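**Student:** model the following, please.
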Amino acid sequence: MISRAQSRQPSARHGRKVHEGDSEARRELARAEGDYQRLRLAYLALAQGEPNEVAMAMVGADMERANALVQGLRRIGQWSPAPASGRPARREARRLAEESA
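**Tutor:** A predicted model of the protein is given here:
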């Protein structure tokens with residue numbers, strides 16, 4: 001017969017599922033961070049060239065959504081802080097545009 005203490009211990013199957021879920025969450029976080037960085041680079045590239053307000057607004061909005069997703073995933077997993085929102089990237093883009101002008 002199984003004692004109460006033994007019945008409270010998680011099974012190996014449960015531990016494996018938790019690990020698989022954690023691994024999937026980390027992969028999703030890495031994918032979201034990659035999306036954010038790609039959008040950030042696209043925004044900066046747009047700003048350095050001939051700035052197109054509409055294109056910059058569209059990429060900036062996508063960047064904000066990607067940042068919100070990263071922050072949400074980090075909050076769920078309690079991982080390290082999320083990257084800054086798109087506002088610092090916009091400031092950096094303006095600075096680069098002013099330097100190149």
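**Student:** quick one, helices of the chain?
**Tutor:** 4-8, 12-48, 53-77, 86-100 (DSSP state H).
**Student:** can you redo those as TSV with mean neighbour count and mean pLDDT?
**Tutor:** Glycine gets a C-beta too; all of them are placed from N, C-alpha and C. Output for these, formatted as TSV (neighbours: other CB atoms under 10 Å; pLDDT from 0 to 100):
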stretch	mean neighbour count	mean pLDDT
helix 4-8	7	54
helix 12-48	14	80
helix 53-77	16	88
helix 86-100	14	75
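**Student:** how much space between the closest residue to Gln48 other than its chain neighbours and Val54?
**Tutor:** Counting by CB to CB, 6 or more residues apart in numbering, Leu96 is the residue found nearest to Gln48 once chain neighbours are left out, at 5.5 Å. Taking CB to CB, to the nearest Å as the criterion, Leu96 is separated from Val54 by 19 Å.
**Student:** go on, Glu33?
**Tutor:** 26 Å.
**Student:** just Ala61 next, same as before
**Tutor:** 11 Å.
**Student:** any shared contact partners between these two?
**Tutor:** Counting by CB atoms under 8 Å, 6 or more residues apart in numbering, Ala61 and Val54 have no contacts in common.
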